[in-house]
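>>> Predicted model, plus sequence, below.
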Amino acid sequence: MNNSSATDRRSGTPVRDAFPIPLAGAAPLIDPHAHFHTERSGRTDWDGYNTSRLQAGERIGVNAHVASVLGSWGHSSPTYFPSPDDLSFANAWLRDFAQRDAERPESGGQRVFAYVAANPNHAAHALQEIRLGLDHGAVGIKLAASRKADDALLDDIASEAARFGIPILHHIWQDRRREWPNQDASDGVELGRLASRHPTTQLLLAHIGGGGDWAHTLHAVRELSNVHVDLSGSGIDRGMMDATIQTLGASRVLWACDLTLCTGLTKAWALDAMGLDPDALADVRWRNAVRLFTRAPFTRHGEALVA
Amino acid sequence: MTAPTTLFAHVDVSAWIGGYPFREAPHPDPEVLVRVLQRERVARAWVGWLPSAWQRDPSEGNARLLQALAPWRDVLDPAPAVRPDWPGWQRELAKQVEGGATSIRTYPAQWGLGPGDPGLTALAHACREVGLPVHITVRVEDLRQRHPHDVAGDVPAATVRALARAGTGCRFVISGAGRDVIEEVAWGLTPEERALVWFDFGWVWGPPEEQFARLVRALGSAQLVYGSQWPLRLVQQSRALVSLLPSDIAVTLPLPYPKRGEETSAERELL
């Protein structure tokens, strides 16, 4: 981490002396695609994983992690087909984790925000979890790959999201040319059908860098203004972010990490190198997230982030 | 180019110029690469001709590589390709040595050369004779996103192990390997054999999985080199990985690569 100075060299953002400049610069940064693990994840290092995410986030300069827990991550039910019991535990655990993190002694404000993870195959449970979550501070819905995005079983969930003004983060395989094991993965075309049926529901298309052909996705959702795209994933193809922003506009693109904060930092640095105008850069780094997550009281150094 | 005062790496061992057959790679030109190196605080790059991996005869691509790099030879070193199952490959190797090659790239997956292939071993012997490392690209793109026509798989760790065990004394640079391949190779070799193999680490995952931290803790950083796979991948990835290492882990910066005549004692032993 660099020492603090009066302004951040790259963004020109004033920097308080008390806050050293993080690796990705001093301007706000929100990760709308984060995950945590629980003691039921079936891995002994689950707590270390969570700590690593939060510590790396601090070093990078992530002000907020909007996160989900995908049930037991395969331990007692499949990651992409989580059981209702696993989801109820995971959603409750995440709400509690976010609360405990916000109350940590050195807290600079809430930095973990919860999605409600749902499995549309258990429709009543999904709606119940969403309402329970919203009553306890959840800010969005996470759908992974339990059912194709254009399946009618998602309609009630999409309607509920519109009613409460919260976005749905949907796992997407970019140009799914075949069925992949262990999931009912959807692609941009399938998410686009859901978006067309629910034009007032805001959808966040997950990890444009997460595998598959991202160029296909951009064309599939180009005309759908209620579909936004997150930049997360381990893929760091040169030209991917340029094409995404050029095709969809900076107002529909959100910086994010998912499973790899290292590629998140790389993309934050690459956004700097792309020469975006300051407004576009702020949109991608944090302002689009503030606009999309209307229920999330995002802060930076204790002050509210306002788009 | 004037070298920046604080380098991140002495050399990018895994750059290319030239187009990519399966998607648009923006501006894959030497003058752009030179600007990128300066921005990223990397002094030089070993540069291959990207289309060669998918062409039958790499010699034409080698000629184009040398021509394209000619104005930039103070910063960009040619890394031509030699295909050891192609008639007359020894002549091509000699020609490329004459042309100033700094490493020799070969593409086992694309050319159908499996673990223990005698041609690969012969190439390693020949490169050892002329003092050049053999550079192997484990993957160019993630398997999940490959074009349907790009049917070559990843280079398996067994190919690298077989080469390092062949007793040629040749040095190897392995790019595009994830943690699994690096560990399989490193722990599957004797210390002397391992000392012959360098890895670029841009495909290893950092936090929160912390694969890179585990790798450095277990193996050290002495055999790690910087490789970007420009123009296909964002060049900042290795710097991000190093920047996010836990504070108790130190990686030597700038990342080194031994120059000719500066081999390790383990290498000298073998030589």
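Looks like it came in fine.
>>> Can you pull out the low-pLDDT segments for chain B?
Counting by pLDDT under 70, the ranges of chain B that qualify are B:1-5, B:258-271.
>>> 50 - rerun?
Applying pLDDT under 50 to chain B picks out residues B:1-4, B:263, B:266-271.
>>> buried set for whichever helix in it runs longest?
Longest helix in chain B, counting residues (DSSP state H): helix B:118-130. Residues of helix B:118-130 classed as buried by neighbour count (16 or more other Cβ atoms under 10 Å in any protein chain shown): B:119, B:120, B:121, B:122, B:123, B:124, B:126, B:127, B:128. For glycine as for every other residue, the C-beta is placed from the backbone atoms N, C-alpha and C.
>>> same deal with stretch A:74-85?
A:74, A:75, A:77, A:78, A:79, A:80, A:81, A:82, A:83, A:84.
>>> and what of stretch B:70-90?
B:72, B:75-85, B:89.
>>> For the residues you listed, could you give me TSV that also reports distance to chain A and secondary structure?
Below are those laid out as TSV (distance: Cβ to the nearest Cβ, whole Å; DSSP: H, G, I helix; E, B strand; the rest coil):
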residue	distance to chain A	secondary structure
B:72	19	helix
B:75	19	coil
B:76	18	strand
B:77	21	strand
B:78	22	strand
B:79	19	coil
B:80	23	coil
B:81	21	strand
B:82	27	coil
B:83	26	coil
B:84	30	coil
B:85	31	coil
B:89	31	helix
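>>> what's the most distant pair in those?
Based on Cβ to Cβ, the longest span within the buried residues of stretch B:70-90 runs between B:75 and B:85 and measures 32.7 Å.
>>> which residues sit in contact with the residue in the stretch 51-200 of chain B that chain A sits nearest to?
Closest approach between the stretch 51-200 of chain B and chain A, counting by Cβ to the nearest Cβ: residue B:144, at 3.5 Å. For residue B:144, the contact set (Cβ atoms under 8 Å, 6 or more residues apart in numbering or on different chains) comprises A:211, A:212.
>>> Then residue A:161?
By Cβ under 8 Å, 6+ apart, the residues touching residue A:161 are A:130, A:140, A:141, A:167, A:168, A:198, A:201, A:202.
>>> try 7 Å
Going by Cβ atoms under 7 Å, 6 or more residues apart in numbering or on different chains, residue A:161 touches A:141, A:167, A:168, A:201.
>>> do residue B:100 as well
Each residue near residue B:100 by Cβ under 7 Å, 6+ apart is listed here: residue B:78.
>>> On the three-state scheme, it is what?
Secondary structure for residue B:100, judged by DSSP: H, G, I helix; E, B strand; the rest coil, is coil.
>>> where's it relative to residue B:181, distance?
Residue B:100 is 30 Å from residue B:181, where distance means Cβ to Cβ, to the nearest Å.
>>> next one: residue A:27
Applying Cβ to Cβ, the value for residue A:27 to residue B:181 is 37 Å.
>>> Residue B:99 now?
Residue B:99 is 31 Å from residue B:181, where distance means Cβ to Cβ.
>>> Those two: which has the busier surroundings?
Neighbours were counted for residue B:99 and for residue B:181 using other Cβ atoms under 10 Å in any protein chain shown; residue B:181 has more, 23 against 14.
>>> Residue B:97 contacts residue B:130, doesn't it?
Yes - if you go by Cβ atoms under 7 Å, residue B:97 and residue B:130 touch, sitting 4.9 Å apart.
>>> Which stretches in chain B count as helices?
Counting by DSSP H, chain B has helices at residues B:30-40, B:59-69, B:89-98, B:108-111, B:118-130, B:157-165, B:179-187, B:191-194, B:211-219, B:237-243, B:265-270.
>>> Deepest-packed of the ones you listed, please.
The highest mean neighbour count among these, using mean count of other Cβ atoms under 10 Å in any protein chain shown, belongs to helix B:237-243: a mean of 26.
>>> Please see if that one touches chain A.
Yes - residues of helix B:237-243 contacting chain A under Cβ under 7 Å from any Cβ of the partner chain: B:237, B:240, B:241, B:243.
>>> The stretch 151-300 of chain A: strands as residue ranges?
For the stretch 151-300 of chain A, strands defined by DSSP state E, counting those that start in this stretch occupy the ranges A:168-170, A:203-205, A:227-230, A:253-254, A:299-300.
>>> Could you tell me the least trusted of these?
Here the strands of the stretch 151-300 of chain A differ in mean pLDDT, and the lowest is strand A:299-300 at a mean of 94.
>>> how much space between residue B:100 and residue B:74?
12 Å.
>>> Now find how far off-centre stretch A:250-270 is within its chain.
10 Å (Cα atoms, centre = their mean, to the nearest Å).
>>> Also stretch A:80-100?
Chain-centre distance of stretch A:80-100: 16 Å, with Cα atoms, centre = their mean.
>>> who's in contact with the longest helix along chain A?
The longest helix of chain A (DSSP H) is helix A:84-102. Contacting residues not belonging to helix A:84-102 are listed as A:36, A:38, A:40, A:67-69, A:71-72, A:76-77, A:110-114, A:116-119, A:122, A:125, A:129, A:133, A:136-138 [Cβ under 7 Å, 6+ apart].
>>> Need the pLDDT of residue A:302.
Residue A:302 carries a pLDDT value of 87.
>>> The residue lying closest to it once chain neighbours are set aside: neighbour count?
What sits nearest to residue A:302 in space, not counting adjacent residues and going by Cβ to Cβ, 6 or more residues apart in numbering or on different chains, is residue A:109, at 5.1 Å. Neighbour count of residue A:109, defined by other Cβ under 10 Å: 16.
>>> tell me which parts of the stretch 101-250 of chain B are close to chain A?
B:142, B:144-145, B:148, B:205-210, B:231-234, B:236-237, B:240-241, B:243-244.
>>> Need the pLDDT of the residue lying closest to residue A:234 once chain neighbours are set aside.
Among residues not flanking residue A:234 along the chain, residue A:260 sits closest, at 4.8 Å (Cβ to Cβ, 6+ apart). Confidence at residue A:260, expressed as pLDDT, is 98.
>>> My read is that residue A:260 contacts residue A:235, right?
No - with contact defined as Cβ under 7 Å, residue A:260 does not reach residue A:235; the gap is 9.4 Å.
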